[in-house]
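**Student:** Got a predicted structure here, sequence first:
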Amino acid sequence: MIETIHNWLYSTMPQGVASIVEMILIALAYLGFFAIAGLFLVLMERKVAAWFQLRIGPNRVGFYGSLQTMADALKLLSKELTGTAKADKFLYNLAPYFVIISALMGLAVFPFTKDIQAFDINIGIFFLIAISSIGVIGILLGGWASNNKFALIGAMRSGVQAISYELSIGLSLLTMILITGSLQLSEIVEVQKNGWLIIQGHIPAIIAFMIYMIAGTAETNRAPFDMVEAESELGAGFHTEYSGMKFAYFFLAEFINMFIIAAIATTVFFGAWLSPFGITESIPWLGVFWFLGKTLVLIFLMMWFRWTFPRLRIDQLLTLEWKYLLPINLVNIVIMALIVWLNLTIKF
Amino acid sequence: MALREKNNKPNSLKTNNLELGTQNMKPETINSNFKSEEYQINMGPQHPATHGVLNLLLTIDGETIKKVEPDLGYIHRSIEKMCERDSYQQIVHLTDRMDYLSSNINNEAVCLAVENALELEIPERVKVIRTIIGELTRISSHCLWWGVMGMDVGALSTFFYGFRDREMLNDIFEETCGARLTMNYNVPGGLMLDIHPNFVKRVKKFVTHFKTKIPEYDRLLTENVIFQKRTKGVGVLSKEDAISFGVSGPVARASGYSCDVRKYHPYSALDKVTFNESLKTEGDTFARYQVRIQELWESLSIVEQLIDNIPEGEYRVKTNAVIKLPKGEFFQKVETARGEFCVYIISTGTKSPYRLKFRSPGFSNLSVLNHIAVGGKIGDLVAILATLDLVIPDIDR
Amino acid sequence: MSYFSDIYKGIKTLLTGMSVTGKYFLTSRKGAITQQYPDNRATLKMFDRFRGEVIMPHNENNEHRCTGCQKCEIICPNGTIEIIWDRGIDEETGKKKKKIDQFVYHLSMCTMCALCIDVCPTDAIIWGQNFENSVYDRTKLTRVLNEPESKLMPGVED
Ligand code: SF4
Ligand code: SF4
């Protein structure tokens, strides 16, 4: 189908116009996906949280509450945008866009199936890591500009957190790249046709995956690393002073970031759209479901963390990173290098 | 700071520091260039961690707490003054509204004081029922505390698990006396109503249910490595300090100060039961947590010992419609879920007290806050606040 | 070495915690503790001793049991009860007798302490189980408990 649209565009229009139109169409498609994914994840979080906590969860709007987040989004849209008197208005208004746009950009490089991938750039993983750390600037700006001490503490915490956990994310992904030998996401998937990387790389890969999940949870500022919001300590943290749609941007971005973290893990560790043992190899479009399915499982895992664990303290957060994750990670890379060098990877 | 000094003496940094090196500079000057600034922040009166309208004025340096000043009085209702106007039956219901989580134990304290003054002979049945309900109140209060403790350190699900178990207790209370929180079930002379026929059955059901739940509390929170890291060694209160600050209840017992009123001055039927006073010596947040979990077991065992043999008899002795205490001073202390609660009545022989003083555990327990929280992080303060288990109306009265 | 045992123990306790919540997740269908309140109105029954509001039951002849002794008014800690009374002629004995004109109950001030019900010698007032007491106009919270034209039940003495 994508092929036909592509051909049709190029046959009816001059090439330049056609490519621009195509880009806009793709952007719109991704925006739509972004909105739906965000709304769905919020609903999922609420339902999952409710089930963990012996509650029922949203069940009024729509079938079993399926339209609840839609209603919430409409409510947030119609709300007044308030702000503090001495806020730095420009930065204050800029912050939510930083957060949401960086989240949105990350989505572009994922291989949902063999054919559905907006950009297959050759530095895919690097791009993702870079993009995902831009979001924190938004949080810093928001916390600083809103002229609220609680928000400022939250923002500073977020800066500290991002700087440290960025490392672990990068290194744990690097461990896996030793096997693939490429940063390009499509090639990483290609390599996994001989078995998902978590199986190919066995022990070091599992360690890398665990580190990645921990660091990823921290990167998205979710419990047990939700120092940034820490509602029992800071009220609402960096977005204390945001209301209405601006708050919704922060809120949605958190979920999209979660999706991105889970999607990276799916791509790098669990073979993206590849089905287990190639059972649906003959029907390529089923890849989308495999991709989303695996991602959702990982997202569920992150939600499970959130609704079980207590929050760390800020210094423990740093201890965990610098004393545990980072050394283990470095050793892990060496082990992985040895394994790749000695050809000890498991391949089918 | 550094910037401001730079502006004052524009060349000093450039020339002096670099060329003269450090030996010509006083250490203070070096430090003052890099001194971080302290700032103040109001935690409360509307803040999730203070569990009520308590305002904490924090002086912090980055994340480190330099000073905590509790600012009280947001929910002061002058209950002690109201007591001077009210009759003794009416005073009981005011104590519900102080430490509302141990309302029944507070009621008991006033009733015991009045009964002692009148030298009333209280039937055994009343004593046993009072003790059972008192211990159930303690369990219910600790259930709530556990849930909120988990929530304060960031584990959100504990709140619902704690409240699920508390709900069973609330139903028991509601069935017997009609109210869930502010019970006002004790009256001078006994109980307002006899226990509901379902009471024993329901309590037994609760005991069996709850015995399976405390280990679950342990697995979910107590053993959790993050939780232990958050609480161990945080907010250490030494035994000496505990005594000199007048701390009582689980907070004091966690510091190794054995002060259980139930053991030393048993009231109602507490002299008939055997139980251990839960003691810890570490005095940190985790010890306070463990003491409370231990108390859950002890209270359960007290309830179990009594529930099967509630003696038959009257549930109330008749008192005069207008209770007049003899001239004199009367004192009674009890152990609520938070510590030592004392009632001190000065009577001039009229129908209401001349002066009535409540000693509430929360107030003294709050007084150690500045002592133990300084030097910690904001997250520590929240954990400490949670294990001090403050009920703000109890502090303000 | 304690470094690695720390990590091992840490991960183990975290997984134990997750198993607890995970168990609840799987049994969430049965274990939900939510009361779906306005939906379960039909089945929601309060306990018989539940303190909802003070009511004064009347029998089919529009008779209540309140003699107007004012004990409840005196015991009430916050002036929730106001009894407006009158003296009427008792039909049987012909003597003058106290009777209530209006038994005014300010629900907004009541602390549900149950002292009035406890003290009433004739059990004229009891607890009602209605707990849906919210209204848009607070004057609606001031109620006259005795029905208009109601009389004292014959034979009730204090
Ligand atoms: S329940 Fe208490 S407050 Fe309410 S009317 Fe009766 S005595 Fe007064
Ligand atoms: S309700 Fe009872 S106590 Fe009150 S005036 Fe009537 S009879 Fe007396």
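**Tutor:** Here it is on my side, so go on. Ligands and ions are numbered 1, 2, ... in the order given.

**Student:** Convert the C-alpha atoms of the helix or strand of chain C with the lowest mean pLDDT to CSV, please.
**Tutor:** Least confident helix or strand of chain C, by mean pLDDT, DSSP states H and E, is helix C:28-31 with a mean of 72. These are the backbone C-alpha positions of helix C:28-31, laid out as CSV (Å, rounded to 0.1, in the frame of the first residue of the first chain):
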residue,chain,number,x,y,z
SER,C,28,-7.3,-8.5,40.2
ARG,C,29,-10.7,-9.6,38.7
LYS,C,30,-11.8,-11.1,42.0
GLY,C,31,-9.9,-9.0,44.5
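
**Student:** wait, B:Cys143 sits on B:Leu169?
**Tutor:** Yes: B:Cys143 lies in contact with B:Leu169 (Cβ atoms under 8 Å); the separation is 7.3 Å. Bear in mind the C-beta positions are built from the backbone N, C-alpha and C, glycine included.

**Student:** Compare the two and say which is more crowded by neighbours.
**Tutor:** B:Cys143 (26 against 22; other Cβ atoms under 10 Å in any protein chain shown).

**Student:** ok, and the closest non-adjacent residue to that one?
**Tutor:** Distances taken as Cβ to Cβ, 6 or more residues apart in numbering or on different chains put B:Arg166 closest to B:Cys143, at 4.1 Å, once the chain neighbours are dropped.

**Student:** List the buried residues for the helix or strand where that neighbour lies?
**Tutor:** Take DSSP states H and E as the rule and B:Arg166 turns out to sit in helix B:157-177. By 16 or more other Cβ atoms under 10 Å in any protein chain shown, the buried positions in helix B:157-177 come out as B:157-166, B:168-170, B:172-177.

**Student:** for stretch C:82-99, same thing?
**Tutor:** Of the residues in stretch C:82-99, C:83, C:85, C:97-99 count as buried by neighbour count, 16+ other Cβ under 10 Å.

**Student:** tell me the two of these that are most distant?
**Tutor:** C:Ile83 and C:Lys97 (14.6 Å; Cβ to Cβ).

**Student:** that older thread, I would like the residues contacting the least confident helix or strand of chain C, please.
**Tutor:** With contact meaning Cβ atoms under 8 Å, 6 or more residues apart in numbering or on different chains, helix C:28-31 is reached by A:50-52, A:54, C:24.

**Student:** Now that we have those residues, which of them are buried?
**Tutor:** A:50-52, A:54, C:24.

**Student:** correct me, but A:Met213 touches A:Ile299?
**Tutor:** No: under the criterion of Cβ under 8 Å, A:Met213 makes no contact with A:Ile299, lying 11.0 Å away.

**Student:** And those two? Which one has more around it.
**Tutor:** Neighbour count, other Cβ under 10 Å: between A:Met213 and A:Ile299, A:Ile299 has more, with 23 against 19.

**Student:** returning to what we had before: mind putting the contacts of helix C:28-31 into TSV with distance to ligand 1 and pLDDT?
**Tutor:** Output for the contacts of helix C:28-31, formatted as TSV (distance: Cβ to the nearest ligand atom, whole Å; pLDDT from 0 to 100):
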residue	distance to ligand 1	pLDDT
A:Ala50	37	86
A:Trp51	41	85
A:Phe52	40	85
A:Leu54	34	83
C:Tyr24	39	83
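
**Student:** Out of those, which comes closest to B:Tyr264?
**Tutor:** A:Leu54 (39.8 Å).

**Student:** contacting residues around that closest one?
**Tutor:** By Cβ under 8 Å, 6+ apart, A:Leu54 lies in contact with B:160-161, B:164, C:24, C:28, C:31-34.

**Student:** make it 10 Å
**Tutor:** B:157, B:160-161, B:163-164, C:24-25, C:27-28, C:30-34 (Cβ atoms under 10 Å, 6 or more residues apart in numbering or on different chains).

**Student:** what's the spacing between the strand or helix carrying B:Gly147 and its chain's center?
**Tutor:** Using DSSP H and E, B:Gly147 maps to helix B:124-152. Mean-position distance between helix B:124-152 and its chain equals 12 Å (Cα atoms, centre = their mean, to the nearest Å).

**Student:** before we move on, what about stretch C:107-122?
**Tutor:** 9 Å.

**Student:** what do you get for stretch B:341-351?
**Tutor:** 24 Å.

**Student:** Dump the C-alpha coordinates for it into PDB.
**Tutor:** Extracted in PDB, the C-alpha atoms of stretch B:341-351 (Å, rounded to 0.1, in the frame of the first residue of the first chain):
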ATOM      1  CA  PHE B 341      -1.600   9.800  75.700                       C
ATOM      2  CA  CYS B 342      -2.300  11.400  79.100                       C
ATOM      3  CA  VAL B 343      -5.400  13.100  80.500                       C
ATOM      4  CA  TYR B 344      -5.100  15.300  83.500                       C
ATOM      5  CA  ILE B 345      -8.200  16.600  85.100                       C
ATOM      6  CA  ILE B 346      -8.500  19.200  87.800                       C
ATOM      7  CA  SER B 347     -11.900  19.200  89.200                       C
ATOM      8  CA  THR B 348     -13.500  21.600  91.600                       C
ATOM      9  CA  GLY B 349     -16.500  19.400  92.100                       C
ATOM     10  CA  THR B 350     -18.700  20.800  89.400                       C
ATOM     11  CA  LYS B 351     -20.100  19.100  86.300                       C
END
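
**Student:** ranges for the strands of chain C?
**Tutor:** Counting by DSSP state E, the segments of chain C that form strands are C:53-55, C:63-64, C:81-89, C:96-106, C:126-128, C:142-144, C:151-152.

**Student:** and B:Thr64, what does it touch?
**Tutor:** A:315, B:36, B:38, B:374-378, B:380.

**Student:** would you say A:Phe110 is within a strand?
**Tutor:** No: read with DSSP: H, G, I helix; E, B strand; the rest coil, A:Phe110 is coil and lies in no strand.

**Student:** Quickly note the distance from the residue nearest to it when sequence neighbours are not counted to ligand 1.
**Tutor:** Once flanking residues are discounted, A:Phe110 sits nearest to A:Ala263: 5.2 Å by Cβ to Cβ, 6+ apart. Applying Cβ to the nearest ligand atom, to the nearest Å, the value for A:Ala263 to ligand 1 is 60 Å.

**Student:** And B:Leu306, by the same measure?
**Tutor:** Taking Cβ to the nearest ligand atom, one finds B:Leu306 at 30 Å from ligand 1.

**Student:** can you check B:Leu118 too?
**Tutor:** Noted for B:Leu118: a distance of 22 Å to ligand 1, by Cβ to the nearest ligand atom.

**Student:** what's the answer for B:Asn198, then?
**Tutor:** 24 Å.

**Student:** Contacts only, for that residue.
**Tutor:** When contacts are counted by Cβ under 10 Å, 6+ apart, B:Asn198 touches B:171-172, B:175-176, B:205, C:47.

**Student:** Please work out how many residues are found near C:Asn133.
**Tutor:** C:Asn133 has 13 nearby residues by other Cβ under 10 Å.

**Student:** Counting neighbours, which bits of the helix of greatest length in chain A end up buried?
**Tutor:** As assigned by DSSP state H, the longest helix anywhere in chain A is helix A:15-52. By neighbour count on 16+ other Cβ under 10 Å, the buried set for helix A:15-52 is A:18, A:22, A:30, A:34, A:37-39, A:41-52.

**Student:** which residue sits closest to residue 157, ignoring its sequence neighbours?
**Tutor:** I went with chain A, as the question did not name one. A:Met227 (4.4 Å).

**Student:** meant chain C, my bad for not saying
**Tutor:** Spatial nearest neighbour of C:Glu157, excluding adjacent residues (Cβ to Cβ, 6+ apart): C:Thr67 at 7.0 Å.

**Student:** now C:Thr142
**Tutor:** C:His106 (5.1 Å).

**Student:** Quick one: neighbours of that neighbour, just the number.
**Tutor:** Around C:His106 there are 16 residues (other Cβ under 10 Å).

**Student:** picking up where we left off before, please enumerate the shared neighbours of B:Cys143 and B:Leu169.
**Tutor:** Counting by Cβ under 10 Å, 6+ apart, the residues touching both B:Cys143 and B:Leu169 are B:Phe210.

**Student:** Quick check, B:Ser140 in contact with B:Arg164.
**Tutor:** No: using Cβ atoms under 10 Å as the test, B:Ser140 is too far from B:Arg164 to be in contact (11.9 Å).
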